[in-house]
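> quick check, what structure comes out for this input:
(chains A and B)
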Amino acid sequence: MTKVLVVTSGKGGVGKTTSTAALGAALAQLGEKVVVIDFDVGLRNLDLVLGAERRVVFDLINVVQGVAKLSQALIRDKRLENLWLLPASQTRDKDALTDEGVRGIIAELRTKFDWILCDSPAGIERGAMLAMRYADEAVIVTNPEVSSVRDSDRIIGMLDSKTVKAEKGERVEKHVLITRYDSARASRGEMLSIDDILEILATPLLGIIPESQDVLRASNVGSPVTLNNAASAPARSYFDAARRLMGETVTMMVPAERKGLMNRLLGRRAA
Amino acid sequence: MDANAQPTHQLVRMRGRSYVAFVFSPVVPIIGWLEGIDATLARSPGFFVGKPVVLDLSAVDLSQTAIAHLVTSLEQRNIRILGIEGVDETHLTTGMPPLLTGGRHCVLTHNETKKPEAKPKPMSLLLESPVRSGQSVVFTEGDVTVLGSVGSGAEIVAGGSIHVYGTLRGRAMAGVNGNSAARIYCQKIEAELLAIDGYYQTAEEIDVTLRNRPAQAWLQGETMKITPLN
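Take a look at the predicted model:
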């Protein structure tokens, strides 16, 4: 059965788009048929991260307004034949999205794909609301710092009240994905600990993605990190997260830093 | 004993019994009085249906035709007259309701089916899931109990006391209707603001040694006290 998954956070810059691309690609690499939708109308990015920016002809708004058919707007990834992108419009704003239109698109995509990943814009306004509106599951992307965690808490509250599932009295299944986790800073107590985050959010953990240059490098070449360097630490964490989404039980690994004696001494001094 | 006893003639048995009836006492002008009846019927159309009604004409002096007209007017309004009192028998014809005498006052009891009484409103509100940042729970009728945590940026407003069986990170305002006996209890105190009956303390004023421990807040006169719960 098709699952509609929203990747959301409330706060900007925590890694929603990167995570959508990486999870989408990982699911596709694991054999699932996946479409990723960019809901960030006016500030689209997902096409860049997926390296499809030069192939965008029609977009989400064109489909919502009936200018183009869904099949015309969908872009198939060149490397992964199971991965498709429905890009956002860069020239419009979020008011161009309608509840009715989004519902129609999701309903149509449900008949064709195993996974529909909705990349939510930051904030709690119309774009973010519509991205989560029809979701069955949600990945809440959180950085290990207080402002991100509080915004995530706010978004979880909205997932429990503003989605179609919530209005029907059902529950949107929620997962916390901690990104930009820096084990060195965590060990110095400069970041919120995983336990603190989970205690505040009271939501199951989907994965911990370590802070890594690999993520930035992959974004710059327009490739999801799981595709660009599948052996890297963040890619492995995304693969584990994707497997957990598919229902597999994968042991959770907290990224640990391999520290030398010198580092340890310096670490202590800095703290 | 005589085996062939004469069969006794069975007489029709008569019994007396008294009933309660509505008494109408028309006043002049009769047209104006009928309009009053119409107004009552407009408000509750079935009010007189099936109820015995007696006409008391002692306050008015009506001719035979006037009485006949009044009785028909009432019948047109679906009001059936059981009897007439307070009038000379000569004013009544045989087709009219009979003359009644010796009526006594009584208190009318309404036999209308009473509406089931509205259930008493619950005096406490139970929240089984965490209260998230940005959510506001307002319950002025009584106590609020939260089984999860109250997130930073969330608020609970209660007419009574507030119980949090998780960490209280947001704002809690108890006794908002002037209930100074209300208290705030929590499993772990990290509150942004605590208020009881308008007296408040912000996070800065809460003693650092209390943080992360079970605590309760209450009012002592005009000062808020926060003490650990053990």
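> in chain A, which residue sits nearest chain B?
residue A:157 (2.8 Å; C-beta to the nearest C-beta). Just so you know, the C-beta spots here come from the backbone N, C-alpha and C atoms, and that holds for glycine as well.
> so what's the residue count around that residue?
Other residues within reach of residue A:157, judged by other C-beta atoms under 10 Å in any protein chain shown, total 22.
> next: the one 3 residues further on.
Residue A:160 has 18 neighbours, counted by other C-beta under 10 Å.
> likewise residue A:110?
Neighbours of residue A:110 (other C-beta under 10 Å): 16.
> next, the contact list for the residue in chain B that chain A sits nearest to, please.
Using C-beta to the nearest C-beta, the single residue of chain B nearest to chain A is residue B:132, 2.8 Å away. Residues in contact with residue B:132 (C-beta atoms under 8 Å, 6 or more residues apart in numbering or on different chains) are A:153-154, A:156-158, A:160, B:151, B:154.
> dump those residues into JSON lines; add secondary structure as well.
As requested, the contacts of residue B:132 are exported to JSON lines (DSSP: H, G, I helix; E, B strand; the rest coil):
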{"residue": "A:153", "secondary structure": "helix"}
{"residue": "A:154", "secondary structure": "helix"}
{"residue": "A:156", "secondary structure": "helix"}
{"residue": "A:157", "secondary structure": "helix"}
{"residue": "A:158", "secondary structure": "helix"}
{"residue": "A:160", "secondary structure": "coil"}
{"residue": "B:151", "secondary structure": "coil"}
{"residue": "B:154", "secondary structure": "coil"}
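> nearest to residue A:69 among those residues?
Residue A:69 has its nearest neighbour among the contacts of residue B:132 in residue A:158, at 31.6 Å by C-beta to C-beta.
> how about residues contacting stretch A:52-65?
A:37-39, A:41, A:44, A:47, A:67-70, A:72-73, A:75, A:77-78, A:85-89, A:92, A:96-98, A:101-102, A:104-105, A:222.
> now those residues: which count as buried?
Buried members of these, counted by 16 or more other C-beta atoms under 10 Å in any protein chain shown: A:37-39, A:41, A:44, A:47, A:68, A:70, A:73, A:75, A:77, A:85-89, A:92, A:96-97, A:101-102, A:105, A:222.
> among those, which are in helices?
A:47, A:70, A:73, A:101-102, A:105 (DSSP state H).
> near chain B, from those residues?
The subset of these within reach of chain B, by C-beta under 8 Å from any C-beta of the partner chain, is empty.
> for these, work out which two are farthest apart.
A:47 and A:101 (19.6 Å).
> distance of residue A:200 relative to residue B:150?
11 Å (C-beta to C-beta, to the nearest Å).
> give me the more crowded residue out of these two.
More crowded of residue A:200 and residue B:150, by other C-beta under 10 Å: residue B:150, with 30 against 25.
> any stretches of chain B with poor pLDDT?
B:1-11, B:108-116 (pLDDT under 70).
> in JSON lines: the ones in helices among the buried ones among the contacts of stretch A:52-65, plus pLDDT.
Below are those laid out as JSON lines (pLDDT from 0 to 100):
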{"residue": "A:47", "pLDDT": "94"}
{"residue": "A:70", "pLDDT": "95"}
{"residue": "A:73", "pLDDT": "95"}
{"residue": "A:101", "pLDDT": "93"}
{"residue": "A:102", "pLDDT": "95"}
{"residue": "A:105", "pLDDT": "96"}
